[in-house]
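> I would like to see how this sequence folds:
(chains A and B)
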Amino acid sequence: MWYNSGVDLLTTSVSTAESDSEAYTLVELTGEADVTNCDALREVLDAEVAKQPRTLIIDLSGLRFMDSSALHVILRANRVMDRQGCVLALASPREPVAKMLRLTAADQLIPVYASVSEATAG
Amino acid sequence: MAESPASGGPFRHTGFFYRTLDEYARTVAGFVGDGLAAGEPAFVAVPPGKATLIADALGAGARRVEFADMTDLGRNPARIIPRVLAFAEKHGGQHVRYAGEPVWASRGPAELREATRHEALVNLAFADADVEILCPYDTLALDAAVLADARRTHPLLRSDGRTSASPDYAVPFRLPPSCSLALPAPPDAAMSYTYRTDLSQVRAWVLQHARDAGLPDARASDLVLAVSEAAANTLRHTRSSGTLDIWHDATEIVCEIHDTGVIADPLAGRRMPAPDALSGHGLWLVHEVCDLVELRSDGTGTTIRMHMSLRPRRTPG
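Numbering: from 1, shown residues only, chains lettered A, B, ... in the order given. Below is the predicted model of the structure:
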């Protein structure tokens, strides 16, 4: 999009790890996620979702801000994961992000955990 | 959309003009009690002292009524419709009754405009719903202009024990002029910024002003989210820049976003989007977190004025 200018604001880092011999994918978001960089976020999540991991955890601890455009990208990824019989989970949102997840009731749709290790314990 | 919500379907929206608290308690309890006797769920949202009067008049039946503090729920009047819709949905298929008092005398002019706008929008939001609504108005305490607007926003009026059609009710739907005219201009002291794509800078400006004004951190985060969502709409729906104005006084901090976009749906942000909806959360969040929101939109553009109180919540008088 013409305004896709906020890419520098958001850093994504992807890794895979194991918990109780179950592999999971971890996407860590750092910075601010909004309408200006949600296309970049979508590309990262689409690529990981396409690999059909049993569990995809998005670590939000480094995220200072998230708007509804970024939320929609996560909701879309969650839909596909659901359809694949896989689980998307969110971990350690800071309070402003956690509040936004509550106000949109996204936390009723996607499990939100206090930490990545709690998310892996499911 | 119903052309004439006053007739036909089960939707009834009555402005109840009362003079004494005794008349108030008797009439609201009667309205709720009639519903309870017929097995209908009832929801009552009024200022806190008045809930006690209604509950006392209802007696044992009060236990079956859902009460809410209107000074909290209706602080931003845009939050009332989704709450009542949720109540009706929870009791899906049943006729429900709702008594709501969103207008009281100690509200400021902007709050009264928005409470009046809310009352008008009730007729759109519930036109096809199986809901019966009674809205008490304190005829002795409220200004004549506020009561005149109540006659415009309610298809039915009740006073002195009689209910009749309101001759001033606007059909087809039209907002009363008091709440659809352009907003008063921001004060000269307002700081004005132009943004194009740098929403991070917009958020930084808002956060700085909120802190300078003394808004607590959690509320400052709320205001940052609201303004960022309003400004994101500029990027989503227009190809031009937007302006942000910020000002505060001893009572509140106000942020205003203006752009060339058009918001055609008068109920935008007043229906909760489905949790998995992939749009529509922006204005919903703006209304959820702000103490008051004024939205004006026409062919020339959209203004969204977001208020946050700098004082502890007022008790109504």
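> the helices in chain B, which residues?
With DSSP state H, the ranges of helices along chain B come out as B:21-37, B:48-58, B:70-73, B:80-90, B:109-125, B:144-153, B:199-213, B:217-237, B:281-289.
> Just put those helices in JSON lines and tack on distance to chain A and mean neighbour count.
C-beta here means a position set from N, CA and C on the backbone, and glycine is covered the same way. Shown next, in JSON lines, are the helices of chain B (distance: least, Cβ to the nearest Cβ, whole Å; neighbours: other Cβ atoms under 10 Å in any protein chain shown):
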{"stretch": "helix B:21-37", "distance to chain A": "29", "mean neighbour count": "18"}
{"stretch": "helix B:48-58", "distance to chain A": "24", "mean neighbour count": "17"}
{"stretch": "helix B:70-73", "distance to chain A": "15", "mean neighbour count": "18"}
{"stretch": "helix B:80-90", "distance to chain A": "11", "mean neighbour count": "18"}
{"stretch": "helix B:109-125", "distance to chain A": "19", "mean neighbour count": "22"}
{"stretch": "helix B:144-153", "distance to chain A": "28", "mean neighbour count": "18"}
{"stretch": "helix B:199-213", "distance to chain A": "5", "mean neighbour count": "19"}
{"stretch": "helix B:217-237", "distance to chain A": "4", "mean neighbour count": "23"}
{"stretch": "helix B:281-289", "distance to chain A": "4", "mean neighbour count": "24"}
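> Those helices: which one's closest to A:Glu28?
A:Glu28 lies closest, by Cβ to Cβ, to one member of the helices of chain B: helix B:199-213, at 19.3 Å.
> Restricting to C-alpha, output the closest one in CSV.
The C-alpha trace of helix B:199-213 is given here as CSV (Å, rounded to 0.1, in the frame of the first residue of the first chain):
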residue,chain,number,x,y,z
LEU,B,199,1.1,7.4,13.1
SER,B,200,3.9,6.7,15.5
GLN,B,201,4.6,10.5,15.6
VAL,B,202,0.8,11.1,16.1
ARG,B,203,0.9,8.7,19.1
ALA,B,204,4.0,10.4,20.5
TRP,B,205,2.3,13.9,20.3
VAL,B,206,-0.8,12.6,22.1
LEU,B,207,1.2,10.8,24.8
GLN,B,208,3.3,13.9,25.5
HIS,B,209,0.2,16.2,25.8
ALA,B,210,-1.7,13.7,27.9
ARG,B,211,1.2,13.5,30.3
ASP,B,212,1.6,17.3,30.4
ALA,B,213,-2.1,17.6,31.2
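> For it, enumerate the helices and strands it packs against.
When contacts are defined as 3 or more Cβ pairs under 8 Å, 6 or more residues apart in numbering or on different chains; DSSP states H and E, helix B:199-213 sits against strand B:191-195, helix B:217-237, strand B:242-248, strand B:252-259.
> Take the ones you listed and lay them out in TSV including mean pLDDT.
Formatted as TSV, the helices and strands packed on helix B:199-213 follow (pLDDT from 0 to 100):
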stretch	mean pLDDT
strand B:191-195	98
helix B:217-237	97
strand B:242-248	98
strand B:252-259	98
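> Can you add distance to A:Ala98 and give the ones you listed back as TSV?
Below are the helices and strands packed on helix B:199-213 laid out as TSV (distance: least, Cβ to Cβ, whole Å):
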stretch	distance to A:Ala98
strand B:191-195	27
helix B:217-237	11
strand B:242-248	26
strand B:252-259	23
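> Nearest residue to the middle of chain B?
Note on chain B: the residue nearest the mean C-alpha position is B:Pro77, at 1.9 Å, using Cα atoms, centre = their mean.
> any idea how far chain A is from that one?
18 Å (Cβ to the nearest Cβ, to the nearest Å).
> got a list of what that residue touches?
B:Pro102, B:Glu111, B:Glu114, B:Ala115, B:Arg117, B:His118, B:Leu292 (Cβ atoms under 8 Å, 6 or more residues apart in numbering or on different chains).
> Let's see that with 7 Å instead.
B:Pro102, B:Glu114, B:Ala115, B:His118 (Cβ atoms under 7 Å, 6 or more residues apart in numbering or on different chains).
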